[in-house]
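Colleague: coords please:
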Amino acid sequence: MKKNYNVDRTSLQLPEYGRHIHDMVDELMTIENRAERNRRARVLVAIMANIKQTSKESGNPERRLWDHLYIMSDFKLDVDGPYPVPTPKSLAPTPARMHYPEGRIAMKHYGKNVRNVVRVLENLKNQQVVDTITGNLARYMRTKSYEYNQEHPNNEVIIKDIKRMALGTIEVDEEAISSLKSDYKQNFTPYGKKGQFQKKNNKNQKNQKIVIRRNHK
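Modeller: A predicted model of the protein is given here:
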């Protein structure tokens, strides 16, 4: 007795239909009479509809069944179906290639928007407006630098970075920027010092307990 294992059989194109439907498709391609082949193809599509229960699917479920019929025949079935014969490329089109921005950020800790603001300043002719925006930009750069390095940079560094991004196209009021103070304050310990912060809280809690006990006496 010859044993028939699945590992020895051909792989199924659409396993959800089962091997019997695939065998029926293979037999359908062997029918030479075109009229009979068309009739059996319609019957086979009706059987596939009962298996898939496509009544709740969106779109055109009947066309999807005919597409599945061609897929199971490896697109070799020659019948007069109600829809155009699909191709592997039409059923699985290659997505269009996405174009990612390739511009490099010279100073990543400031972000891309800082460079964009500097480019806008290059086209402004009102020096008063340029000075106002440059001052706000310097404050923002100090903020981002603190978030990145956990320390406030010197105003000289901010001035130097603005000039470097502007490539000498704008005039920077160095005296005004040098007099800026940091408006960015955040009461948290730097990264890697959470243990110290926790110990400080525990110490405060102990002091509070001592005060409560003394008041109780």
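
Colleague: Averaged pLDDT, stretch 145-154. What do you get?
Modeller: The average pLDDT for stretch 145-154 rounds to 79.

Colleague: got the domain boundaries for the chain?
Modeller: Domain assignment for the chain by automatic domain parsing gives 11-91, 112-187.

Colleague: What mean pLDDT does the first one get?
Modeller: Mean pLDDT, domain 11-91: 89.

Colleague: quick one, what contacts Ile51?
Modeller: When contacts are counted by CB atoms under 8 Å, 6 or more residues apart in numbering, Ile51 touches 16-18, 21. (Glycine included, C-beta is placed from N, CA and C.)

Colleague: do you know how far it is from Leu65?
Modeller: Counting by CB to CB, to the nearest Å, the gap from Ile51 to Leu65 is 10 Å.

Colleague: Test my guess that Ile105 contacts Lys112.
Modeller: Yes: with contacts counted by CB atoms under 8 Å, Ile105 reaches Lys112, the gap being 5.4 Å.

Colleague: Which one of those two is surrounded by more residues?
Modeller: Lys112 (14 against 11; other CB atoms under 10 Å).

Colleague: Tell me both backbone torsions, phi and psi, for the more buried one.
Modeller: Dihedral angles of Lys112 (phi, psi; degrees, to the nearest 10) stand at phi -80, psi -30.

Colleague: I'd say it and Ala106 touch.
Modeller: No: between Lys112 and Ala106 there is no contact, the gap being 9.8 Å when judged by CB under 8 Å.

Colleague: just the helices in the protein please.
Modeller: Along the chain, the stretches classed as helices by DSSP state H are 18-28, 34-52, 61-72, 88-91, 112-121, 127-149, 155-166, 174-178, 194-216.

Colleague: Go ahead and name everything in contact with the fifth one.
Modeller: Among residues not part of helix 112-121, those counted as contacts by CB under 8 Å, 6+ apart are 103, 105-107, 130, 133-134, 137, 140-141, 144, 162, 165-166, 170.

Colleague: redo that, cut-off 6 Å
Modeller: Residues outside helix 112-121 that contact it (CB atoms under 6 Å, 6 or more residues apart in numbering): 105, 130, 137, 165-166, 170.

Colleague: re the thing from before, could you save the contacts of Ile51 as TSV and add columns showing neighbour count?
Modeller: Putting those into TSV (neighbours: other CB atoms under 10 Å) gives the following:
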residue	neighbour count
Glu16	10
Tyr17	21
Gly18	12
Ile21	19
